[in-house]
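Undergrad: Make a model of this:
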Amino acid sequence: MGFVMRWIASRRMLASILLASSVTACGSVQNMMPDPASFRLPDRSVFLPTTSNSYAFPISPGTSVGPADLVDAQGLCAGAAPAPSDAASASPRGVSLNMTECEVVRALGQPQEVDVTPQSGGQRHVVMTYKAGERAGIYEFVGGRLTGIDRGNETPSAVAKKPPNKKPRPPA
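TA: Presented below is the predicted three-dimensional model:
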């Protein structure tokens, strides 16, 4: 019986220690909470930059187009030897707006048709047509820069026809 009394007394002491600890912890948690009156929202300049230049790229390219960036009536760049037609298809590169005429020719190879038309204001309008290849289409340039791309005629992919099922002949 003495053992049971000691066991109950130790449990009471443990319970009172846990109770005192939890009350103390609650008091310290309240001290850790910030005062709502001292809370301030951050200034909007923290989230928004002062100018939009950090998000936007310049619309016009940084360098001007020179005579070395323009093609002639055959679709060749000045001072460049004609590249074999399979050289462009061996390592295809991407084409994007604002590329120069010669950059497109280096990426896709020599075009099949070139139409060079002078425009008012000293600019020129060039239309290069690629009739075959992976990127067949019409590429339009104004002032030496690519301004538009139209897809060319795509050849329909050959669909293999499945031969008709042969019906087994009934034995004669």
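Undergrad: C-alpha only now, for contacts and for neighbours.
TA: OK.
Undergrad: Domain parsing of the protein, as residue ranges.
TA: Per automatic domain parsing, the structural domains of the chain span 1-31, 67-151.
Undergrad: Helix or strand: which one has residue 149?
TA: strand 145-151 (DSSP states H and E).
Undergrad: Equivalent analysis for residue 115, please.
TA: Short version, using DSSP H and E: residue 115 is in strand 113-118.
Undergrad: got the buried residues for that strand?
TA: For strand 113-118, burial by neighbour count (16 or more other Cα atoms under 10 Å) applies to 114, 116.
Undergrad: helices or strands next to that strand in the packing?
TA: Using 3 or more Cα pairs under 8 Å, 6 or more residues apart in numbering; DSSP states H and E, the elements in contact with strand 113-118 are strand 124-130.
Undergrad: Pull the contacting residues for the nearest residue to residue 118 once chain neighbours are set aside.
TA: Nearest in space to residue 118, with sequence neighbours left out and distances taken as Cα to Cα, 6 or more residues apart in numbering, is residue 124 at 4.3 Å. By Cα atoms under 8 Å, 6 or more residues apart in numbering, the residues touching residue 124 are 116, 117, 118, 142, 143, 144.
Undergrad: low pLDDT regions in the protein?
TA: Across the chain, the ranges flagged by pLDDT under 70 are 1-9, 20, 23-31, 49-62, 79-92, 153-164, 172.
Undergrad: circling back to that earlier point, okay, the contacts of residue 124 in JSON lines with distance to residue 135 next?
TA: Compiled in JSON lines, the contacts of residue 124 are given as follows (distance: Cα to Cα, whole Å):
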{"residue": "116", "distance to residue 135": "21"}
{"residue": "117", "distance to residue 135": "23"}
{"residue": "118", "distance to residue 135": "26"}
{"residue": "142", "distance to residue 135": "20"}
{"residue": "143", "distance to residue 135": "22"}
{"residue": "144", "distance to residue 135": "20"}
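Undergrad: Let me know the closest of those to residue 70.
TA: Using Cα to Cα, residue 144 is the member of these that lies nearest residue 70, at 6.2 Å.
Undergrad: check contacts around the closest one.
TA: If you count contacts by Cα under 8 Å, 6+ apart, residue 144 has them with 65, 69, 70, 100, 101, 124, 125, 126.
Undergrad: now do residue 151
TA: 135, 136, 137, 138.
Undergrad: now do 6 Å
TA: By Cα atoms under 6 Å, 6 or more residues apart in numbering, residue 151 lies in contact with residue 137.
Undergrad: bridging residues for it?
TA: On the basis of DSSP bridges, residue 151 is bridged to residue 137.
Undergrad: How many neighbouring residues does residue 119 have?
TA: Per other Cα atoms under 10 Å, the neighbour tally for residue 119 reads 11.
Undergrad: Many thanks, have a good one.
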